[in-house]
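Engineer: sequence below, structure please.
(one chain, ligands or ions: 1)
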Amino acid sequence: MREGLRATLAVSAGFWCALGEMLRSCAARLRMLGALRKDEHWPARNLGPALRWFSSEKDFCLPNPSWSEDLRHLFHQFMKKCEDGSWTYISEKEMLDLQKKASELSFQNVKPMKKKQFPSTLTRNFQEGLGFEYAMFYNKDERRIVCLFQGGPLLQGFPGLLHGGAIVTMVDYSISILSTKTIGFTMTAYINITYKRPIPIGSVVVINGQVDKIEERKVFLSSSVHSADEKTLYSEATSLFVQLNLEKSET
Ligand SMILES: CCCCCCCCCC(=O)SCCNC(=O)CCNC(=O)[C@H](O)C(C)(C)COP(=O)(O)OP(=O)(O)OC[C@H]1O[C@@H](n2cnc3c(N)ncnc32)[C@H](O)[C@@H]1OP(=O)(O)O
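Structural biologist: So this is what the prediction gives:
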């Protein structure tokens, strides 16, 4: 008798658990649908001050108090290289202009954004020093980009070390700007990255990206991540970016 009661209770607990799970999943779907119906690209709930909005007022690529000596030193070295015109500094405003143009694109079933104001790109959604601190330089003739990057504590993977996702994010973003400046708006079709050595949080690395080959709409790029003194090779990547076929797009 007692066994029977125990079995009934177990079945009934299982039922309530499954029902709870189902309701939670339905609620999540409804929230998602609500967000989609509003034709927004982020959750419907008000994120308030947690969300950093794009601002053209501040150039986040310039040195700030969180920058280490290494980062400042490299930044000034590259600024010097800009004096003869071979390299150009890519300001936050230039990145913002690209983002603005990208937000007006209509491609592959993604409607252009209606909002005049939109959230910052992933790499700019952190407070000074906590996430991605970087500056980029472009060499048009050599089809190269250099990104000086210092990853903060919010990008941690293994204790004290940068998360691989954060590393590939910075590599991908840098070469995406390079391929876009080379042939127009492109998207990453693939990026194959090899992590050779771990990167300590707060250390400065140099991401070098270059265009290897262009075949019609396809841009093949390679990139490397080195320590500031160039002695340590942290990562290497090869990638394909495809120019957006806007004629094929829906309007
Ligand atoms: C710059 C400022 C704004 C940027 C902000 C930061 C951006 C950060 C960069 C990213 O993270 S982008 C986000 C991650 N990527 C995506 O979500 C892309 C998803 N994939 C797609 O939308 C499409 O697959 C893609 C646009 C890449 C290509 O689709 P399409 O329909 O335009 O091209 P199609 O499929 O016709 O292929 C064109 C050529 O590329 C080749 N291809 C495409 N994908 C490939 C692939 N994965 N591997 C090898 N080849 C590929 C394809 O075989 C073909 O070669 P052929 O011309 O020789 O026949």
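
Engineer: tally of neighbours for the nearest residue to residue 123 once chain neighbours are set aside?
Structural biologist: Setting aside the residues directly before and after it, residue 123 is nearest to residue 132 in space (C-beta to C-beta, 6 or more residues apart in numbering), at 4.2 Å. (Each C-beta comes from the backbone N, C-alpha and C, glycine too.) Using other C-beta atoms under 10 Å, residue 132 has 22 other residues around it.

Engineer: for residue 189, same thing?
Structural biologist: Neighbour count for residue 189, taken as other C-beta under 10 Å: 13.

Engineer: mind telling me what element it is part of?
Structural biologist: Assessed by DSSP states H and E, residue 189 sits inside strand 186-195.

Engineer: could you report the pLDDT at residue 210?
Structural biologist: Here the pLDDT value assigned to residue 210 is 98.

Engineer: beta-bridge partners for it, please?
Structural biologist: Beta-bridge partners of residue 210, counted by DSSP bridges, are residue 144, residue 222.

Engineer: enumerate every residue touching it.
Structural biologist: 142, 143, 144, 145, 178, 221, 222, 223 (C-beta atoms under 8 Å, 6 or more residues apart in numbering).

Engineer: of these, buried ones?
Structural biologist: By neighbour count, with 16 or more other C-beta atoms under 10 Å, these hold 143, 144, 145, 178, 221, 222, 223 as buried.

Engineer: for those residues, give me JSON lines that also has distance to residue 122.
Structural biologist: Output for the buried ones among the contacts of residue 210, formatted as JSON lines (distance: C-beta to C-beta, whole Å):
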{"residue": "143", "distance to residue 122": "25"}
{"residue": "144", "distance to residue 122": "23"}
{"residue": "145", "distance to residue 122": "18"}
{"residue": "178", "distance to residue 122": "18"}
{"residue": "221", "distance to residue 122": "19"}
{"residue": "222", "distance to residue 122": "23"}
{"residue": "223", "distance to residue 122": "18"}
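
Engineer: among these, which one sits closest to the ligand?
Structural biologist: Distance to the ligand across these (C-beta to the nearest ligand atom) is lowest for residue 178, with 9.2 Å.

Engineer: which SSE is that closest one in?
Structural biologist: Per DSSP H and E: residue 178 is located in helix 164-183.

Engineer: ok, that helix near the ligand or not?
Structural biologist: Yes. For helix 164-183, a contact with the ligand is found by C-beta under 6 Å from any ligand atom, at 172, 173, 176, 177, 180.

Engineer: show me how this structure divides into domains.
Structural biologist: By the assignment in automatic domain parsing, the chain contains the domains 1-45, 61-248.

Engineer: worst mean pLDDT among those domains?
Structural biologist: Confidence, taken as mean pLDDT, is least for domain 1-45 of the domains of the chain (a mean of 52).

Engineer: now for residue 194: which residues touch it?
Structural biologist: Going by C-beta under 8 Å, 6+ apart, residue 194 touches 235, 236, 237.

Engineer: could you pull up the residues touching residue 230?
Structural biologist: By C-beta under 8 Å, 6+ apart, residue 230 lies in contact with residue 206.

Engineer: show me what from the stretch 1-150 of the chain comes close to the ligand.
Structural biologist: Going by C-beta under 6 Å from any ligand atom, the residues of the stretch 1-150 of the chain near the ligand are 98, 99, 102, 108, 121.

Engineer: redo these as CSV? Include neighbour count and secondary structure.
Structural biologist: Shown next, in CSV, are these (neighbours: other C-beta atoms under 10 Å; DSSP: H, G, I helix; E, B strand; the rest coil):
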residue, neighbour count, secondary structure
98, 17, helix
99, 14, helix
102, 18, helix
108, 12, coil
121, 17, coil
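
Engineer: which two in those residues are spaced the farthest apart?
Structural biologist: Between any two of those, the greatest separation by C-beta to C-beta is 19.4 Å, found for 108 and 121.
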